[in-house]
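> sequence first, then the predicted structure, then my questions.
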Amino acid sequence: MRLKHLYSDAPCTLDYDTPVQLMVATILSAQCTDARVNLVTPALFCRFPDAAALAGADLSELEELVRSTGFYRNKAKNIQAACRMIVEDFNGSVPQTMEALLKLPGVARKTANVVSAHAFGVNLGVTVDTHVKRLSYRLGLTNHTEPVKIERDLMKLIPQPDWENWSIRLIYHGRAVCNARKPECDRCALADLCPSAFLAAQPEKTVAAQG
DNA sequence: ATCCCGAGGG
DNA sequence: CCCTCTGGAT
């Protein structure tokens, strides 16, 4: 199995003006679809365009602006705290190491991976989220259930010289094509190699089979 | 009802 | 491991 063949027609970049905006949008995307994040970010970044503005924002106004993305109280508080830390400790820029990124409130491994890959073109690791787990399991890329072991297995399959964006591609493919409810095997580049593809005609059995 | 590019805390 | 936080789409 060569992951080189895992090409989706999905964009591997998120179009935001600055790394700070990308980080904010990524925090907002937790347990929330991109479409809804894209609905709130224009007004959000018009009102509070950078880390300094977000750091000084009125918290309740910030909460209202991001309300529809869910978990909005946590997200607003974390975004503001992260931006304050960026202003005070990181010279106004999103830090570029995993160690520093993890210090930002609301940023853990998954968000750090996505921010780094999108904003800086550097993969700090393979993000093993619910989508990547499902995709890896269906494709038989791993026998394991622990994210650390799945990550290790995936690392072996990713072409190392140019593995930038692979973390993102895996997530996106798992979300958009190899999705939980109705996997779109007819537009999956790996369908002919996938032991689960034939179940696509019976989506309820596919989901049940994944446990 | 179930899920969504999760994080933080116990 | 568990739980909580939240709104919206399907």
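That came through fine. What you are looking at is a predicted structure, and each value in this text was computed from that prediction instead of being measured.

> what's the helix or strand for the residue lying closest to A:Leu101 once chain neighbours are set aside?
Setting aside the residues directly before and after it, A:Leu101 is nearest to A:Ala112 in space (C-beta to C-beta, 6 or more residues apart in numbering), at 3.9 Å. From N, CA and C alone the C-beta is placed, and that goes for glycine too. Using DSSP states H and E, A:Ala112 falls within helix A:109-115.

> chain A - how does it break down into domains?
Domain assignment for chain A by automatic domain parsing gives A:19-120, A:127-210.

> need the ones you listed in TSV with mean pLDDT and mean neighbour count, can you?
Shown next, in TSV, are these (pLDDT from 0 to 100; neighbours: other C-beta atoms under 10 Å):
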stretch	mean pLDDT	mean neighbour count
domain A:19-120	92	18
domain A:127-210	72	17
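
> who's in contact with A:Ala55?
Taking C-beta atoms under 8 Å, 6 or more residues apart in numbering, we find A:Ala55 in contact with A:80, A:83-84, A:86-87.

> try 6 Å
A:83-84, A:87 (C-beta atoms under 6 Å, 6 or more residues apart in numbering).

> repeat that for A:Trp166.
Contact analysis of A:Trp166 by C-beta under 6 Å, 6+ apart lists A:Ile158.

> columns secondary structure and distance to A:Pro195 on top of the contacts of A:Ala55, output as TSV?
Shown next, in TSV, are these (DSSP: H, G, I helix; E, B strand; the rest coil; distance: C-beta to C-beta, whole Å):
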residue	secondary structure	distance to A:Pro195
A:Cys83	helix	45
A:Arg84	helix	49
A:Val87	helix	50
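
> can I get the residues you listed in JSON lines with distance to DNA strand C?
Formatted as JSON lines, these follow (distance: C-beta to the nearest atom of the strand, whole Å):
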{"residue": "A:Cys83", "distance to DNA strand C": "18"}
{"residue": "A:Arg84", "distance to DNA strand C": "19"}
{"residue": "A:Val87", "distance to DNA strand C": "24"}
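
> ok, back up a step: of the domains of chain A, which is nearest DNA strand B?
Counting by C-beta to the nearest atom of the strand, DNA strand B lies closest to domain A:19-120 out of the domains of chain A; the figure is 2.7 Å.

> span of that closest one from start to end?
Its start and end residues considered, domain A:19-120 measures 8 Å (C-alpha to C-alpha, to the nearest Å).

> tell me which stretches of chain A form helices.
A:19-28, A:34-47, A:51-55, A:59-66, A:72-89, A:98-101, A:109-115, A:130-139, A:147-157, A:166-172, A:203-210 (DSSP state H).
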